[in-house]
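Undergrad: Sequence first, then the predicted structure, then my questions.
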Amino acid sequence: MRIVGIAAILVLAIAASDGKTLYDTKCSQCHGKDGIAKPPGKGSRNFNDFAFQSASSVDSIAKITTEGKGKMPGYRSKLSPEQINAVAAHVKTLGPSK
């Protein structure tokens, strides 16, 4: 059982690092590497905002990333579902420090 838990943590860590790399290359131009929206992303929520983090799950972030919202295009044809989930998991790490 313990090995399964350790394996799950390793898989999440690898996905998170992949998610960070994808986020940095695909999303940060508008959303900022720190999750604070830049001028091209004006009007989007700051990902480091407590209210955003509280109201958003990995699944809801993945859905918006897949389908798009407002002026943000969907990434369904540009990223695999696994990559989108990795990006969404990374967005959750941008929350305010506790």
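TA: On my side now, so go ahead.
Undergrad: what mean pLDDT would you report for the helix or strand containing residue 82?
TA: With secondary structure defined by DSSP states H and E, residue 82 is part of helix 81-92. For helix 81-92, the per-residue pLDDT values average out at 96.
Undergrad: what comes up buried for stretch 23-39?
TA: 23, 26, 27, 28, 31, 32, 35, 37 (16 or more other C-beta atoms under 10 Å). Placement of C-beta: from N, CA and C, glycine included.
Undergrad: how many neighbours does residue 49 have?
TA: When neighbours are defined as other C-beta atoms under 10 Å, residue 49 has 17 of them.
Undergrad: Give me the phi and psi for the spatially closest residue to residue 83 that is not a sequence neighbour.
TA: Across the structure, with C-beta to C-beta, 6 or more residues apart in numbering as the measure, the residue nearest residue 83 apart from its sequence neighbours is residue 22 (5.7 Å). Recorded main-chain torsions at residue 22 are phi -60, psi -40, according to degrees, to the nearest 10.
Undergrad: where does this protein have low pLDDT?
TA: Applying pLDDT under 70 to the chain flags the ranges 1-17, 97-98.
Undergrad: can you pull out the strands in it?
TA: Ranges of strands within the chain are 68-69, 72-73, based on DSSP state E.
Undergrad: so which of those gets nearest residue 87?
TA: Between residue 87 and the strands of the chain, the shortest separation by C-beta to C-beta is 12.5 Å, and it involves strand 72-73.
Undergrad: Before I go, just wanted to say thanks for your time.
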